[in-house]
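**Q** no sequence for this one, just the structure:
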């Protein structure tokens with residue numbers, strides 16, 4: 001009763017606001033208050049990596065004979081060698097890229113055996129965390145591992161077993177064996193790691209369409225921006241936060257050229273990046289012929305993989321701050337649904353982010 005009377009006597013000066021999100025609520029993108037990094041090193045996103053896994057070799061067995069003060073020939077006492085370490089790939093939620101994977105992953109060797117029946121120490125396994133959904137292919141291109149859930153492991157290279165010491169070979173007829181085993185050599189395997197899903201949305205366009213500039217404007221990523229083509233040779237990933245605590249990953253993909261599906265230049269490699277994005281944004285240069293660019297990009301994607309037509313996509317015309325680009329945008333919007341933006345001046349970027357969130361929600365609900 002005293003507590004009830006105490007609460008009644010208190011006069012609350014602040015009000016508590018309860019926010020109820022209706023079904024028509026549209027999440028709003030948030031601008032990061034944290035400044036961009038000033039480091040000179042630019043982090044690339046690696047979605048495919050060829051690695052050579054080498055298991056550790058087992059330790060050699062020991063040849064030794066025990067000699068004590070009361071008995072000179074007390075028998076063999078050579079210990080066994082330790083086992084070599086394995087190379088293991090493990091799916092981890094904390095890993096988002098294959099940047100940390102080295103081209104050669106070597107496990108430690110087992111320790112050799114000692115006298116007085118002391119066995120060598122087993123080597124520790126090398127566990128390499130990889131993103132969830134990583135596919136492991138062998139040299140023949142066959143899928144030998146699919147790390148689709150958290151904590152799943154794939155033994156890439158087994159370590160060699162340790163050799164037995166001469167104490168193991170002691171028998172009734174052989175009281176002084178002078179033979180021991182050598183440690184087995186570890187496996188050496190070559191694999192290709194591929195990340196199944198790289199980003200929620202990928203930016204598709206020809207060179208110098210403004211993809212890197214747009215990613216810089218939307219996220220804290222720092223891809224290289226220059227007035228010459230093919231400034232982006234590796235994908236960059238940026239994260240867009242929303243006010244409902246959802247985060248959407250946007251990938252800046254290398255530019256495509258006509259004939260990419262025929263592997264002109266590095267076309268197949270660039271198209272593989274686009275294949276690992278759930279949604280696509282066709283970023284077109286409005287100062288050129290946008291419809292011609294869109295038809296050419298669609299043709300390249302269809303020739304490489306017909307399933308691209310089933311993915312969520314939208315058409316975005318960049319550089320509408322230029323007079324010629326504005327005229328082309330007004331002409332194109334009457335024929336197809338598109339969004340006109342300017343990555344340089346920030347025009348209509350909020351409208352684009354709303355569209356990105358709609359693509360993300362439709363993909364999550366499907």
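**A** Alright, I've got the coordinates. This structure is a prediction, so every number in the text was calculated from the model and none was measured. Numbers count the residues shown, from 1 in each chain.

**Q** hey, let's count contacts and neighbours off CA atoms from now on
**A** Will do.

**Q** Near residue 56, how many other residues are there?
**A** Counted by other Cα atoms under 10 Å, the residues lying close to residue 56 total 31.

**Q** Equivalent analysis for residue 245, please.
**A** The number of residues packed near residue 245 is 10, by other Cα under 10 Å.

**Q** domains for the chain, by residue range?
**A** The chain is divided into the following domains under automatic domain parsing: 40-196, 199-365.

**Q** does residue 193 count as helix, strand or coil?
**A** Following DSSP: H, G, I helix; E, B strand; the rest coil, residue 193 is assigned to strand.

**Q** and it, bridged to which residues?
**A** For residue 193, the beta-bridge partners are residue 49, residue 136 (DSSP bridges).

**Q** Tell me who's in contact with it.
**A** By Cα atoms under 8 Å, 6 or more residues apart in numbering, the contact set of residue 193 is 47, 48, 49, 50, 51, 134, 135, 136, 137.

**Q** So which of those residues wins on neighbours?
**A** Counting neighbours by other Cα under 10 Å, residue 134 leads those with 25 neighbours.

**Q** pretty sure that one is touching residue 146, no?
**A** Yes - Residue 134 lies in contact with residue 146 (Cα atoms under 8 Å); the separation is 6.2 Å.

**Q** JSON lines for the domains of the chain, including distance to residue 26 and mean pLDDT?
**A** Output for the domains of the chain, formatted as JSON lines (distance: least, Cα to Cα, whole Å; pLDDT from 0 to 100):
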{"stretch": "domain 40-196", "distance to residue 26": "28", "mean pLDDT": "88"}
{"stretch": "domain 199-365", "distance to residue 26": "8", "mean pLDDT": "83"}
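
**Q** Which stretch among those approaches residue 30 most closely?
**A** Evaluated over these, closeness to residue 30 peaks at domain 199-365, with 5.3 Å, by Cα to Cα.

**Q** residue boundaries of the helices in this protein?
**A** All helices of the chain, identified by DSSP state H, fall at 2-9, 211-218, 267-275, 290-304, 323-332, 349-365.

**Q** closest to residue 61 out of these?
**A** Closest among the helices of the chain, using Cα to Cα: helix 267-275, at 48.3 Å.

**Q** now that closest one: how far from the chain's centre is it?
**A** Per Cα atoms, centre = their mean, to the nearest Å, the displacement of helix 267-275 from the mean C-alpha position of its chain is 15 Å.

**Q** cool, stretch 334-354 as well?
**A** 29 Å.

**Q** Stretch 79-95 too?
**A** The chain centre lies 20 Å from the centre of stretch 79-95; the measure is Cα atoms, centre = their mean.

**Q** How far off centre is stretch 242-251?
**A** The gap between where stretch 242-251 is centred and where its chain is centred comes out at 17 Å by Cα atoms, centre = their mean.

**Q** Count the residues that sit near residue 222.
**A** Residue 222: 20 surrounding residues under other Cα under 10 Å.

**Q** and the gap between the closest residue in space to it that isn't next to it in sequence and residue 63?
**A** Nearest-residue entry for residue 222: residue 216, 5.9 Å, with adjacent residues in sequence omitted and distances by Cα to Cα, 6 or more residues apart in numbering. Distance of residue 216 to residue 63, given as Cα to Cα, to the nearest Å: 65 Å.
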